[in-house]
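**Student:** Sequence and computational prediction follow.
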Amino acid sequence: MSSSLTDDVRQSAQTAYGGVPNFLDAMNAHTGVPGAVYVAADEALMDGLLSPAEQQAVLLTISAHHDSRYDSVAHARLAMDAGLSPTVVNRLLAGKLPEDERLRALVEATRQTYDERGWLDPEIVQNLEDRGVGRGELYEIFALYGMKTFSSFVNHIADPEIDPSLKSTEDALDNVPEKPSTLEMRRLVIG
């Protein structure tokens with residue numbers, strides 16, 4: 001499929017990421033709308049309250065939650081580029097909490113978001129605020145959750161190859177989600 005929107009997505013991705021990730025190409029083969037939304041959301045979130053390392057901790061947590069191999073590898077690379085150590089990245093991919101208190105609070109907020117589907121009790125919100133995760137940060141986590149859930153779902157269906165530039169990252173990680181062999185097993189693993 002070729003249209004001005006898919007061309008715009010490719011050009012925006014090339015500018016923002018230095019290339020077009022395989023999952024964007026997989027979407028663009030059918031429609032440019034989701035890719036346009038993804039690139040625009042990604043660009044907007046770069047100017048948010050969460051630092052790049054904090055964003056990546058949140059995104060890794062969500063990627064692992066969705067058992068998205070592609071997203072886990074991509075965000076592992078971005079997390080390390082943003083300053084998170086391989087140890088922290090592997091901890092997050094294994095479902096463990098980081099030792100850093102700020103990152104721990106953000107990861108716990110992320111987990112509570114998906115566990116409670118956003119219905120956070122006032123006590124939880126207050127506890128997060130007391131730990132430095134205010135409403136602004138929480139709302140950015142919600143936006144990141146929406147964006148990463150969307151890309152994980154696309155990747156479950158499209159099953160894009162890991163980009164060549166990310167192969168060394170994939171090989172270096174201990175806790176990248178494995179893709180179950182059948183759809184029934186995937187549903188069982190996810191719950």
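**Tutor:** Yep, it's here.
**Student:** Kindly export the longest helix along the chain (C-alpha atoms) in CSV.
**Tutor:** Identified as the longest helix of the chain according to DSSP state H is helix 135-158. Output of helix 135-158 as CSV, limited to C-alpha atoms (Å, rounded to 0.1, in the frame of the first residue of the first chain):
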residue,chain,number,x,y,z
ARG,A,135,-0.8,13.1,38.2
GLY,A,136,1.2,14.4,35.3
GLU,A,137,3.6,11.5,35.4
LEU,A,138,0.8,9.1,36.0
TYR,A,139,-1.1,10.4,32.9
GLU,A,140,2.1,10.1,30.9
ILE,A,141,2.3,6.4,32.0
PHE,A,142,-1.3,6.0,30.8
ALA,A,143,-0.3,7.4,27.4
LEU,A,144,2.8,5.2,27.2
TYR,A,145,0.6,2.2,28.2
GLY,A,146,-1.8,2.9,25.4
MET,A,147,1.0,3.4,22.8
LYS,A,148,2.9,0.3,23.9
THR,A,149,-0.3,-1.9,24.2
PHE,A,150,-1.1,-0.9,20.6
SER,A,151,2.3,-1.7,19.2
SER,A,152,2.5,-5.0,21.2
PHE,A,153,-0.9,-6.1,19.7
VAL,A,154,0.3,-5.2,16.2
ASN,A,155,3.5,-7.2,16.8
HIS,A,156,1.6,-10.2,18.1
ILE,A,157,-0.2,-10.4,14.7
ALA,A,158,2.4,-9.0,12.3
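**Student:** For that helix, list every residue counted as buried.
**Tutor:** 137-138, 140-141, 144-145, 147-149, 151-152, 154-156, 158 (16 or more other CB atoms under 10 Å). All C-beta spots, glycine's among them, are computed from the backbone N, C-alpha and C.
**Student:** what's the answer for stretch 123-132, then?
**Tutor:** Neighbour-count burial for stretch 123-132 [16+ other CB under 10 Å]: 124-125, 127-128.
**Student:** Residue 22 against residue 161, yeah?
**Tutor:** Yes. Under the criterion of CB atoms under 8 Å, residue 22 makes contact with residue 161 at 5.6 Å.
**Student:** Need the pLDDT of the most centrally placed residue in the chain.
**Tutor:** In the chain, the residue lying closest to the centroid (CA atoms, centre = their mean) is residue 59, at 3.2 Å. Note for residue 59: predicted pLDDT of 97.
**Student:** Just the element for it, please.
**Tutor:** helix 52-65 (DSSP states H and E).
**Student:** On the three-state scheme, residue 119 is what?
**Tutor:** Of the three states, residue 119 takes coil under DSSP: H, G, I helix; E, B strand; the rest coil.
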